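**Student:** Structure, please.
(chains A, B, C and D)
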Number of protein chains: 2
Amino acid sequence: MSLAYVILGLLEQQPMTGYDLKTSWFDDAIAHLWPADQAQIYRTLDKLEQQGWIACQVEVQPDRPNRKVYSVTEGGRMALQRWLHSFQPLPVIRDPLLVQLHFAANLPNADIVTLLEQQQAARREALAHCQAVAKKLLTAGSGSREQQLRRYVVEFAIQREQLYLDWLMQMIAELRSESPSL
Amino acid sequence: MSLAYVILGLLEQQPMTGYDLKTSWFDDAIAHLWPADQAQIYRTLDKLEQQGWIACQVEVQPDRPNRKVYSVTEGGRMALQRWLHSFQPLPVIRDPLLVQLHFAANLPNADIVTLLEQQQAARREALAHCQAVAKKLLTAGSGSREQQLRRYVVEFAIQREQLYLDWLMQMIAELRSESPSL
DNA sequence: AAATTATATATGATTAATCATATATAAGAT
DNA sequence: ATCTTATATATGATTAATCATATATAATTT
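**Tutor:** Residues are numbered from 1 along each chain as shown, chains lettered A, B, ... in the order given. Here you go, the predicted model:
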């Protein structure tokens, strides 16, 4: 489960609570890499603690629920290093739009174009999000190795969205140019 | 669940058994679109039958387990058409390699390059598979609308793999050109 | 005054996908 | 002679992810 390692990586930079992880990382700078739900974050923190890879220090708060600040243990650091050296299988991409197109032969072109334009809109948003993350990484300055690697990663995410958008545009043009009776 | 619609789409072309679906489609011409496990196929067939979207005709076989040949019902056909017109959310891509790179700052370049080369090998295989599917689509001839749409889809899958490979190559070159002490 | 947002953690339920294994037999390969 | 492959379906178990909801209070917005 890579989520566990994302969390280890984030906690290694700075000890944090589940709430912090969610609101300041998974909702934002990490969302393009590994989106995660609040429930899953807390459950993964539990598992990591049970494994001894993170430890928690409770900060008592009078009014609010206590903050459980987690930090990576020595065992956790080792586990993360091991994982960072291990081969990871290619993610499988299951894209419903591609399935729709594969079976779309008896839809009129106009209907297919509608589908494509809806995806286009969604993809533009996704691209914008990636670009926002990239921009933050650039303005954050410091050409550190860390930053550099992260830039490559976001840059790839941007290229991936761009490729999708290019392809959508081309298909739309193609379908529009065909006899509209189709 | 899109798998249900993939199955509807395949059965609409030709009534088939779960076994046929697996061996002649999901293992091959559909694998790049929506890989599916045998267990999941049979369970989805059960669900589709309960919903009344497919119906099964049992062909009794003396030696082997009986063949349950499924075909799409009128209700199923309508459900598929509805789905083919519905907006589908963008698939989320969770790519462990990108996570590794994001947190790889304290690995030596050589180690990162090793990771990248392993992915390169796996991606080359994935590309080869897509190309094989594309080739079959082309040699199958007949510039039918159906074929044309499927070609666009595989073509995109190929471009996606190609983009990944290009990016990997570039990163490898970049990391190799840096001071090897890193 | 009432509703929402922010802070913080937790659990129950469900879905989609994967892995393993079971049953049963015939044909083909080592 | 034994092992594997092909044909065919079925079920149990587990994982990863998502959705909903619960608790509790303060501050802010409408």
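
**Student:** can you give me the strands in chain A?
**Tutor:** Ranges of strands within chain A are A:54-59, A:67-72, based on DSSP state E.

**Student:** Given the first one, what are its sheet partners and their directions?
**Tutor:** Paired strands of strand A:54-59, with direction, are strand A:67-72 (antiparallel) (DSSP bridges).

**Student:** near DNA strand C, which residues of chain A?
**Tutor:** A:17-20, A:23, A:38-39, A:42-43, A:45-46, A:61, A:64-69, A:92, A:94 (C-beta under 7 Å from any atom of the strand). Every C-beta, even on glycine, is put in place using the N, C-alpha and C of the backbone.

**Student:** if we can go back for a sec, please identify which of the strands of chain A is closest to B:Q57.
**Tutor:** strand A:54-59 (56.1 Å; C-beta to C-beta).

**Student:** What residues sit buried inside the helix or strand of chain A with the lowest mean pLDDT?
**Tutor:** Taking mean pLDDT, DSSP states H and E as the measure, chain A has strand A:54-59 as its least confident helix or strand, at a mean of 92. Across strand A:54-59, burial judged by 16 or more other C-beta atoms under 10 Å in any protein chain shown covers A:54, A:56.

**Student:** Distance from it to the middle of the chain?
**Tutor:** How far strand A:54-59 lies from its chain's middle: 26 Å, per C-alpha atoms, centre = their mean, to the nearest Å.

**Student:** and that strand, C-alpha only, in CSV?
**Tutor:** The C-alpha coordinates for strand A:54-59 follow below in CSV (Å, rounded to 0.1, in the frame of the first residue of the first chain):
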residue,chain,number,x,y,z
ILE,A,54,5.5,5.9,13.4
ALA,A,55,4.9,7.1,17.0
CYS,A,56,2.4,9.5,18.3
GLN,A,57,2.7,12.2,20.9
VAL,A,58,-0.6,13.5,22.2
GLU,A,59,-1.0,17.2,22.6
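
**Student:** And the contacts of it?
**Tutor:** With contact meaning C-beta atoms under 8 Å, 6 or more residues apart in numbering or on different chains, strand A:54-59 is reached by A:7-8, A:11, A:15, A:45, A:48-49, A:66-73, A:76.

**Student:** if we can go back for a sec, weed out the non-buried ones from the residues of chain A next to DNA strand C.
**Tutor:** A:17-18, A:20, A:42, A:45, A:67-69, A:94.

**Student:** any idea which of the contacts of strand A:54-59 is closest to DNA strand C?
**Tutor:** A:K68 (3.5 Å; C-beta to the nearest atom of the strand).

**Student:** rewinding a little: can you say which of the residues of chain A next to DNA strand C are also within reach of DNA strand D?
**Tutor:** Among the residues of chain A next to DNA strand C, DNA strand D is touched by A:38-39, A:64-65 when using C-beta under 7 Å from any atom of the strand.

**Student:** Looking at those residues, point me to the pair that's furthest apart.
**Tutor:** The most distant members of those, if one measures by C-beta to C-beta, are A:A39 and A:R64, lying 19.4 Å apart.

**Student:** Flag every residue of chain A that's near DNA strand D.
**Tutor:** Counting by C-beta under 7 Å from any atom of the strand, chain A sits next to DNA strand D at A:1-3, A:35-40, A:63-65.

**Student:** ok, back up a step: just give me the least confident of the ones next to DNA strand D among the residues of chain A next to DNA strand C.
**Tutor:** Minimum pLDDT for those is recorded at A:R64 (72).

**Student:** quick revisit: please name whichever of the contacts of strand A:54-59 scores lowest on pLDDT.
**Tutor:** Ranking those by pLDDT, A:N66 lands last with 82.
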